[in-house]
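> give the three-dimensional model of this entry:
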Amino acid sequence: MAAVVAVNISESKGVPKQPIAKGHFSIDWGLENDAHGGAWHRQVSLLGVESINKMKEKGLADLALGDFAENITTEGLELFSLPVGTTLAVGKAVVLEVTQIGKECHAGCAIRQKVGDCIMPREGIFAKVIAPGWIQAGDEICVLR
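The predicted model follows:
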């Protein structure tokens, strides 16, 4: 079963995010009060704990959830293999549509400075909110289509 490990938020872009107990995800925005929210295609970022563990295996043992600025840390689902257009049901109500796989990492990023590398450009995905609601750690993630 795929699941949410953490919901993470930050007040500014390009910095690690901090875990929160739960977050409300809104249509045309993403995670409320998050710096990356807005009416664009990268409202919500997701990264698997499996990807974070790859970085830990490279010697970056002190990584925390949210260090790669992901809004949702997941487990049990190879996110980067999902095609654009895939829809995911998360928790009781939220539906996300995958809009982008990976991204270009910008120079001077606080995340790259902290960890020396960034796996988000290779294995992170981005989505927009199709149906709103709350997400918290432990919520199930199901691929709808």
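> where in the protein is pLDDT low?
105-112, 114-116 (pLDDT under 70).
> for it, longest helix please?
helix 49-57 (DSSP state H).
> next SSE after that one?
Next in sequence after helix 49-57, counting helices and strands by DSSP states H and E, comes strand 72-75.
> so what touches the longest helix of the chain?
Helix 49-57 is contacted by residues 5, 63, 65, 67-68, 73-75, 78-80, 115, 117, 119, 123-124 when judged by CB atoms under 8 Å, 6 or more residues apart in numbering. For glycine as for every other residue, the C-beta is placed from the backbone atoms N, C-alpha and C.
> please redo it, this time with the cut-off set to 10 Å
Outside of helix 49-57, the residues within contact range by CB atoms under 10 Å, 6 or more residues apart in numbering are 3, 5-6, 48, 60-68, 70, 73-80, 115-120, 122-124.
> now stretch 137-145
1-7, 19-22, 46, 65, 72-77, 79, 82, 85-98, 130, 133, 135.
> any buried residues in that stretch, and which?
Neighbour-count burial for stretch 137-145, counted by 16 or more other CB atoms under 10 Å, picks out 137, 139, 141.
> for the last one, list each beta-bridge partner.
Looking back up the chat, that one is residue 141. The partner list for residue 141 in beta bridges (DSSP bridges) reads residue 2, residue 90.
> from residue 132, how far off is the residue in the chain sticking out farthest from the centre?
In the chain, the residue that sits farthest from the middle, by CA atoms, centre = their mean, is residue 59; the gap is 22.3 Å. Residue 59 sits at a distance of 40 Å from residue 132 (criterion: CB to CB, to the nearest Å).
> and the strands in the protein, which stretches?
In the chain, the strands defined using DSSP state E lie at 2-9, 18-20, 22-26, 30-31, 44-48, 72-75, 87-90, 94-101, 125-131, 133-136, 140-143.
> in CSV, list those along with distance to residue 54.
Formatted as CSV, the strands of the chain follow (distance: least, CB to CB, whole Å):
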stretch, distance to residue 54
strand 2-9, 15
strand 18-20, 20
strand 22-26, 25
strand 30-31, 25
strand 44-48, 9
strand 72-75, 13
strand 87-90, 22
strand 94-101, 16
strand 125-131, 15
strand 133-136, 24
strand 140-143, 20
